[in-house]
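J.: what would the 3D arrangement of this be:
(one chain, ligands or ions: 1)
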Amino acid sequence: MITARGLRRSFAVRGRTVEAVRGVDFDIGAGEIAAFLGPNGAGKTTTVRMLTTLLRPTGGQAVVAGKDLLADQRGVRRRIGCVAQGHGSAPDHQVREQIELQARIYGADKATAAAQAEKLMGELELSGLDKRVAKTLSGGQRRRLDLALGLVHTPRLVFLDEPTTGLDPQSRANLWAHIADLRAQRGATVFLTTHYLDEADALADRVFIMDNGTIVASGTPEELKSQVADDRITIGVPDHQRPRASAAVIALPGVSQVAATVAGLDFRVANGDALLVPLLRELDFAGVTATSVEVRRPTLDDVFLTLTGRSLREGAATVGAGR
Ligand SMILES: Nc1ncnc2c1ncn2[C@@H]1O[C@H](COP(=O)(O)OP(=O)(O)OP(=O)(O)O)[C@@H](O)[C@H]1O
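T.: Below you'll find the predicted structure:
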């Protein structure tokens, strides 16, 4: 459904060249849900804007939904749906009116446009909101309206740029169900970008981890997590005891990395269950009061941390590495 080779884009900013996307190669098959996961500035939006013809690549090539990105922009545009960051809906116009108008723009007659609006509003839980103007909708409702506008011409390939940013947890989970339905009910291929680890983990068949304009790893969430085989032990410790706790634990055999979290420290360990008791003993010996302790399997954030030395989680940073 998408084949990209050497796709790159740079920007000239005040006499300086910013390499937003540095020549990426990837293939996304029909019916896949693919997630581009990365921090702010990784190049995710620039990649989406290139693939949706909104931005001309500086180099490379791509075939999108069977059409050549550079030679047939119109063909690409007709076959894709795109829900960009921010709102695609007009704030002062009514819900049903906007969906019908969008359908007419894509060539539907009046009756077909009305039927499409009815169907989409039902599918996306917008029924009953026909005459509400977009700016009065909740964040989740407005995002679902944006989605309806991107789906009105029944595209087989849908791009969603950070679809749930700014939504509360319940609205996010609700939108995830609708995104999963795009494939289940419409057979659509979905390309989404996100900086939420749980979103990529929950939704995507395949995750492409992007950092600094390149794809640093790709695979199913399970494949990626199995690349970092080690467990994690997270402990809660008061701020002033962190250096002591860190020094005590990193000295233990089998502990290879320590990162700061909001409430304490996160250790990468060979076998979490076996190390738990020695670790607690060592902390006790060092006079550290652990307020909580958790042993866990690696997450996509651990994959990101291992690959880039940085964490995707807000407020977290690596403070030392023993390997
Ligand atoms: N129009 C532009 N002019 C100059 N620089 C740009 C432009 N668009 C993007 N960039 C730069 O390119 C880099 C990648 O930006 P991009 O928006 O693609 O990242 P992103 O991964 O989508 O981040 P976010 O999650 O914040 O949307 C950043 O350094 C950004 O500042």
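J.: drop to CA atoms for contacts and neighbour counts, all remaining ones
T.: Fine.
J.: quick one: what helix or strand has Phe11 in it?
T.: Phe11 is part of strand 2-13 when elements are defined by DSSP states H and E.
J.: next, give phi and psi for the closest residue to Val95 other than its chain neighbours.
T.: In space, and not counting its chain neighbours, Val95 is closest to Asp130: 5.2 Å by C-alpha to C-alpha, 6 or more residues apart in numbering. Dihedral pair for Asp130: phi -40, psi -50, per degrees, to the nearest 10.
J.: what does Leu101 give?
T.: phi -60, psi -40.
J.: how about the strands of the stretch 151-300 of the chain, start to end?
T.: 157-161, 189-194, 206-211, 214-219, 231-236, 255-260, 264-269, 292-296 (DSSP state E, counting those that start in this stretch).
J.: least reliable of those going by mean pLDDT?
T.: Ranked by mean pLDDT, the strands of the stretch 151-300 of the chain bottom out at strand 255-260, with a mean of 86.
J.: what angle separates that strand from strand 264-269?
T.: If you take axes from the mean of the first three to the mean of the last three C-alpha atoms, to 10 degrees, strand 255-260 sits at 160 degrees to strand 264-269.
J.: how close does the residue of the chain positioned farthest from its centre get to Arg144?
T.: Ranked by distance from the centre of the chain (C-alpha atoms, centre = their mean), the top residue is Phe285, with 42.0 Å. Separation of Phe285 from Arg144 (C-alpha to C-alpha, to the nearest Å) stands at 54 Å.
J.: next: Phe159.
T.: Distance from Phe159 to Arg144, by C-alpha to C-alpha: 14 Å.
J.: got it, and Glu282?
T.: According to C-alpha to C-alpha, Glu282 and Arg144 sit 51 Å apart.
J.: ok, Pro169 to Thr194 distance?
T.: Distance from Pro169 to Thr194, by C-alpha to C-alpha: 15 Å.
J.: same deal with Arg9?
T.: Where Thr194 is concerned, Arg9 sits at a distance of 20 Å (C-alpha to C-alpha).
J.: one more: Arg156?
T.: 21 Å.
J.: ok, the nearest residue to Ala134 once chain neighbours are set aside - contacts?
T.: Nearest residue to Ala134, sequence neighbours excluded (C-alpha to C-alpha, 6+ apart): Pro91, at 4.8 Å. Counting by C-alpha atoms under 8 Å, 6 or more residues apart in numbering, Pro91 touches Val133, Ala134, Lys135.
J.: what sits up against the lengthiest helix in the chain?
T.: Criterion DSSP state H: the longest helix present in the chain is helix 169-186. Identification of contacts with helix 169-186 by C-alpha under 8 Å, 6+ apart yields 31-33, 124, 139-140, 144, 156, 164, 188-190, 199, 203.
J.: only C-alpha atoms, please: export the helix or strand where Thr112 lies in PDB.
T.: Following DSSP H and E, one finds Thr112 within helix 110-123. Output in PDB follows, covering the C-alpha atoms of helix 110-123 (Å, rounded to 0.1, in the frame of the first residue of the first chain):
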ATOM      1  CA  LYS A 110     -27.200  15.000  -2.600                       C
ATOM      2  CA  ALA A 111     -28.900  11.800  -1.700                       C
ATOM      3  CA  THR A 112     -25.600   9.800  -1.600                       C
ATOM      4  CA  ALA A 113     -24.000  12.500   0.500                       C
ATOM      5  CA  ALA A 114     -26.900  12.400   3.000                       C
ATOM      6  CA  ALA A 115     -26.600   8.600   3.200                       C
ATOM      7  CA  GLN A 116     -22.900   8.700   3.700                       C
ATOM      8  CA  ALA A 117     -23.200  11.300   6.500                       C
ATOM      9  CA  GLU A 118     -25.900   9.200   8.200                       C
ATOM     10  CA  LYS A 119     -23.700   6.100   8.000                       C
ATOM     11  CA  LEU A 120     -20.500   7.800   9.200                       C
ATOM     12  CA  MET A 121     -22.300   9.600  12.000                       C
ATOM     13  CA  GLY A 122     -23.700   6.300  13.200                       C
ATOM     14  CA  GLU A 123     -20.300   4.500  13.000                       C
END
